[in-house]
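Colleague: Model the following, please.
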Amino acid sequence: MGGKARRQQSPETTRRVMQANKSRDTRPELMLRRELHRRGLRYRLHAQDVPGRPDIVIRRLKVAVFVDGDFWHGNRWRLRGLARLEDDIASNHEYWVPKITRNIARDREVTARLRSEGWVVVRIWESDVHRDIAEAADRVERAIHDARGQAAPGFPQAAPGRLDE
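Modeller: Got it, this is the predicted structure:
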């Protein structure tokens, strides 16, 4: 593994940092919601009766939007230019690698289930929101227009999203 050596932190520090991570109302999610609201789009949040409990839901059009964290959903290693997930985990491989692998599998299962039930599913990486909030919101807006069965004004038909969609 090239680059700088990682400084090992105490297990107590790691535990505190991990517990501070939120599963909802994260910064990228709030950024996307603000941009969608600014564009006049209205939605519901974290619908418990929709499989996977999407971050943003537009029920009448059956659009489900997930803002997936790069670490928790298995994208950080790609962003860092590493060959595989295992190379990204500094310690406690026995816990983290299976956990993240399960998250990836669950994401695929939830996406497949929602699509089989007629939902349009949009999965956006947190890094994509940070990199270009307008493009992330454009993807959601295209999906909404696709769900309505009409081309979005000024947009081509929906562009491919995440690799596992």
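
Colleague: Helix or strand next in line after the top helix by length along the chain, which one?
Modeller: For the chain, the helix reaching the highest residue count under DSSP state H is reported as helix 93-116. Following helix 93-116 in sequence order, the next helix or strand is strand 120-125 (DSSP states H and E).

Colleague: can you give me how far that following strand is from the chain middle?
Modeller: 7 Å (CA atoms, centre = their mean, to the nearest Å).

Colleague: which residues are contacting that strand?
Modeller: Here strand 120-125 makes contact (CB atoms under 8 Å, 6 or more residues apart in numbering) with 32, 61-68, 70, 73, 75, 107, 111, 114-115, 136, 139-140, 143-144, 146-147, 161-162, 164-165. Yep, even glycine has a C-beta here, placed from its N, CA and C like the rest.

Colleague: Of these, keep whichever come out buried.
Modeller: Neighbour-count burial (16 or more other CB atoms under 10 Å) applied to the contacts of strand 120-125 gives 32, 61-68, 70, 73, 75, 107, 111, 114, 136, 139-140, 143-144, 146-147, 161-162.

Colleague: Among those, which are located in helices?
Modeller: Leu32, Asp107, Thr111, Leu114, Ala136, Arg139, Val140, Ala143, Ile144, Asp146, Ala147.

Colleague: Show me what the closest residue to the fourth one other than its chain neighbours bridges to in the sheet.
Modeller: The shortest distance from Leu114 to any non-neighbouring residue, by CB to CB, 6 or more residues apart in numbering, is to Val121 (5.0 Å). With DSSP bridges as the criterion, the beta-bridge partners of Val121 are Ala64.

Colleague: can you tell me which residue is nearest the centre of this protein?
Modeller: For the chain, the residue nearest the mean C-alpha position is Asp68 (1.9 Å; CA atoms, centre = their mean).

Colleague: What separation is there between the residue nearest to Leu114 and Arg106?
Modeller: 13 Å (CB to CB, to the nearest Å).

Colleague: who's more crowded, those two?
Modeller: Val121 (22 against 12; other CB atoms under 10 Å).
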